[in-house]
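1. build me a structure from this.
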Amino acid sequence: MIEHSEKLFTFNFILLCISQALFCASFSMIIPELPQHLTDLGGAEYKGLIISLFTLTAGLSRPFSGKLTDTVGRIPVMIIGTLTCVVASFLYPFMTTVFGFLALRFFHGFSTGFKPTASSAYVADVVPVHRRGEAMGIMGVSFNIGASAGPALGSWITILFGINTMFYISSLIAFISIFILLQLKESLVEKVKFKASLLLLKKNEIIDSSAIAPALVVVFIYFCFGAFLTIIPDQSAYLGIANKGIFFTVFTFFSILSRLIAGKLSDRIGRVLVIRYAIIILVISLIFASMITTSTGLFIAASLLGFSTGLSAPAVFAWAIDRSESQNRGKALATVYIALELGIGIGSVVSAWIYHNNPQNFFYVMITSAIVTFIALIYLMIWNKRRKMGLTF
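-> Sure thing, here's the model as predicted:
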C-alpha cells in the first residue's frame, strides 16, 4: 500500500508515466504497417477489422479489468495488460493467414482493456485531489509520447530491417514496461486475493452510472480517432509519404502540447467547459481535414486534430473520476474506456465502409467524423440544461 501524497511528481507517479509511454509505444508502433501487412496476407477487404477487433476485445474486457482493479489491485491488472502486448507482438510473425492475424488482433485488444483502466485508477489514488486534472493530463502526455514515437519508429524499423523485426522490438518494449511496473508500490488499500468468482460479473458491476455522461461524450469524440487509425496509413501513401507513422507523430506531438495545459485548465475553470471548447476546435479541424489534397495539408490537419483531442481527454477522465465513489473508481474509469473503445471501433468500421479503398472518399470519412463529433457538443448542451434543472444523472 502507498500513502496518498500531496506532491504530484512522486517516484511512483514518474515510474508509472515511463511505463505508460513504453506500453503505448509497443502497441502503437505496429499500427501504420498493419494495413499493408494484412493486404500482403490477402485480406485487404478486412482493413476495418484491424482496429475494430482490437477495440472490441478491449471494450469487452473493461468491466473485468474495472472489477479486478478495485479488488485485486492496480498493479496486477496493469501487468496483465502489458504482458498481453509482449505475447501478441511476439506472435505476429507466426500468423501467416488472414484468420490467424485477425484472431491475434482480437487477443491483442486485452492489453488496452486492462492497462489504462488500472493506470488511471492508480494515478487518482496517489496524486493530490486538487491537481487531479493536471495529473491526468501529464499521464496522457506520457501515453502520447509513446504514441508519438511509436508509429514513426515502427515504420522506420520496418523500412530498414523488415516487419518481423519491428514486431519483436515491439514485444521487447512492452517487456521493459512490465519491469518498471514491478518497481511500483500498490495503491489499493483493501485488496483481496484473486479467485475465479471475481470474473463473474453482476449487472451493477459492468457500468458505473456516475460515468455515463462522460462516457457518452467519449463515444462521439473518439469516433474520429477510429477513422484516423483506419484510413491515414492509406491516405499517407496516396499523398506520397513513405513513413506512414509521421501523421501520428505530428498528431501526438500537438496532443502533448495541449494536454500540458488542458488538465490544469480543467482544474481551474471546470471540466465540462474545457470539453466544450475542445469539441468545437475538433469539429473545425475535421472539416479542414476533409479538404486536404497535399502532404503538407495532411500534416497541418494532424497538428490541429492532435491539439483538439488532447484538450478533451484529461478533462473527460478527470470529470469521470470526480463523479465516482472512491471504491468504484476502477469501474467508473472502465465505463469511460468502454465508451472509448466503442467510439474507436464504430469509427473504424464505418470509415472503412465509407472509404471502400477509394481515395476519393477520404472527404466523406472526415465530414462524417465532424458530424458525429458535433453530436457530443449537442449532448453537453442538453446535459448542462438538465443539470441546472436538477434532472441530469
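
2. let me see the ranges of the strands in the protein.
-> Remark: no strands are assigned in the chain by DSSP state E.

3. just checking, residue 272 touches residue 319?
-> Yes - the pair residue 272 / residue 319 is scored as a contact, 6.9 Å apart, by CB atoms under 8 Å. (Each C-beta comes from the backbone N, C-alpha and C, glycine too.)

4. neighbour count: these two, which is higher?
-> Taking residue 272 and residue 319 together and counting by other CB atoms under 10 Å, residue 319 has the greater number of neighbours (24 against 19).

5. so what's the more buried one up against?
-> Residue 319 sits next to 213-214, 266, 271-272, 275 when contact means CB atoms under 8 Å, 6 or more residues apart in numbering.

6. touching, residue 50 and residue 36? I think so.
-> No - assessed by CB under 8 Å, residue 50 is found out of contact with residue 36, at 10.7 Å.

7. more neighbours, the two?
-> Shown here are residue 50 and residue 36; by other CB under 10 Å, residue 50 has more neighbours (23 against 17).

8. can you read off the pLDDT for the residue nearest to residue 214 when sequence neighbours are not counted?
-> Using CB to CB, 6 or more residues apart in numbering and skipping the chain neighbours, the partner closest in space to residue 214 is residue 320 (4.2 Å). pLDDT, residue 320: 88.

9. what about residue 320, how many residues close to it?
-> If you count neighbours by other CB under 10 Å, residue 320 ends up with 30.

10. residues touching the closest residue to residue 80 other than its chain neighbours, list them.
-> Using CB to CB, 6+ apart and skipping the chain neighbours, the partner closest in space to residue 80 is residue 114 (4.9 Å). Residues in contact with residue 114 (CB under 8 Å, 6+ apart) are 61, 65, 68, 77-78, 80-81, 84.

11. do residue 230 as well
-> Applying CB under 8 Å, 6+ apart, we find residue 230 in contact with 35, 47-48, 50-51, 347-348, 351-352, 355.

12. run the last query once more with 7 Å
-> Applying CB atoms under 7 Å, 6 or more residues apart in numbering, one finds that residue 230 lies in contact with 47-48, 51, 348, 351-352.

13. distance of residue 127 relative to residue 12?
-> Distance, residue 127 to residue 12, using CB to CB, to the nearest Å: 10 Å.

14. also residue 357?
-> According to CB to CB, residue 357 stands 47 Å off from residue 12.

15. look at those two and report which has more neighbours.
-> residue 12 (19 against 12).

16. that one against residue 184, yeah?
-> Yes - between residue 12 and residue 184 a contact is recorded at 5.4 Å, counting by CB atoms under 7 Å.

17. show me the helices in the protein, by range?
-> Per DSSP state H, the chain carries helices over the ranges 11-28, 34-40, 47-71, 74-91, 98-108, 110-126, 132-161, 163-181, 212-238, 246-269, 271-289, 295-323, 329-355, 362-388.

18. so which bits of stretch 356-370 are buried?
-> Going by neighbour count (16 or more other CB atoms under 10 Å), the buried part of stretch 356-370 is 361-362, 365-370.

19. could I get that stretch in CSV with only the CA atoms?
-> Extracted as CSV, the C-alpha positions of stretch 356-370 are listed here (Å, rounded to 0.1, in the frame of the first residue of the first chain):
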residue,chain,number,x,y,z
HIS,A,356,-14.0,1.4,-49.5
ASN,A,357,-10.4,1.6,-50.7
ASN,A,358,-11.2,4.6,-52.8
PRO,A,359,-9.0,7.8,-52.1
GLN,A,360,-11.9,10.0,-53.4
ASN,A,361,-13.8,9.0,-50.2
PHE,A,362,-11.4,10.5,-47.7
PHE,A,363,-13.5,13.6,-47.8
TYR,A,364,-16.7,11.8,-46.8
VAL,A,365,-14.9,10.0,-43.9
MET,A,366,-13.8,13.3,-42.4
ILE,A,367,-17.1,15.0,-42.9
THR,A,368,-18.9,12.1,-41.2
SER,A,369,-16.5,12.3,-38.3
ALA,A,370,-17.2,16.0,-37.9
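
20. and the closest residue to residue 222 other than its chain neighbours, how far is that from residue 180?
-> Nearest residue to residue 222, sequence neighbours excluded (CB to CB, 6+ apart): residue 343, at 3.4 Å. To residue 180, residue 343 is 29 Å away according to CB to CB.

21. which one's more surrounded, those two?
-> Under the neighbour definition other CB under 10 Å, residue 343 and residue 180 were set side by side, and residue 343 has more, 27 against 18.

22. for that one, give its distance to residue 238.
-> Distance, residue 343 to residue 238, using CB to CB: 25 Å.

23. do residue 44 as well
-> When distance is defined by CB to CB, residue 44 is 15 Å away from residue 238.

24. need the phi and psi values for residue 128.
-> When read as degrees, to the nearest 10, the backbone of residue 128 gives phi -60, psi 140.

25. no, scratch that, I was asking about residue 95
-> Dihedral pair for residue 95: phi -90, psi 100, per degrees, to the nearest 10.

26. check contacts around the closest residue to it other than its chain neighbours.
-> Spatial nearest neighbour of residue 95, excluding adjacent residues (CB to CB, 6+ apart): residue 101 at 4.7 Å. Contact partners of residue 101, counting by CB under 7 Å, 6+ apart, are 38, 41, 43, 95.

27. by neighbours, which of the residues you listed wins?
-> Neighbour counts for those, by other CB under 10 Å, peak at residue 38, which reaches 20 neighbours.

28. OK, contacts around that residue?
-> 44, 46-47, 50, 101.

29. same list (the residues you listed) but as JSON lines, adding pLDDT and distance to residue 375.
-> What follows is the contacts of residue 38, written out as JSON lines (pLDDT from 0 to 100; distance: CB to CB, whole Å):
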{"residue": "44", "pLDDT": "85", "distance to residue 375": "31"}
{"residue": "46", "pLDDT": "87", "distance to residue 375": "28"}
{"residue": "47", "pLDDT": "81", "distance to residue 375": "25"}
{"residue": "50", "pLDDT": "86", "distance to residue 375": "25"}
{"residue": "101", "pLDDT": "95", "distance to residue 375": "33"}
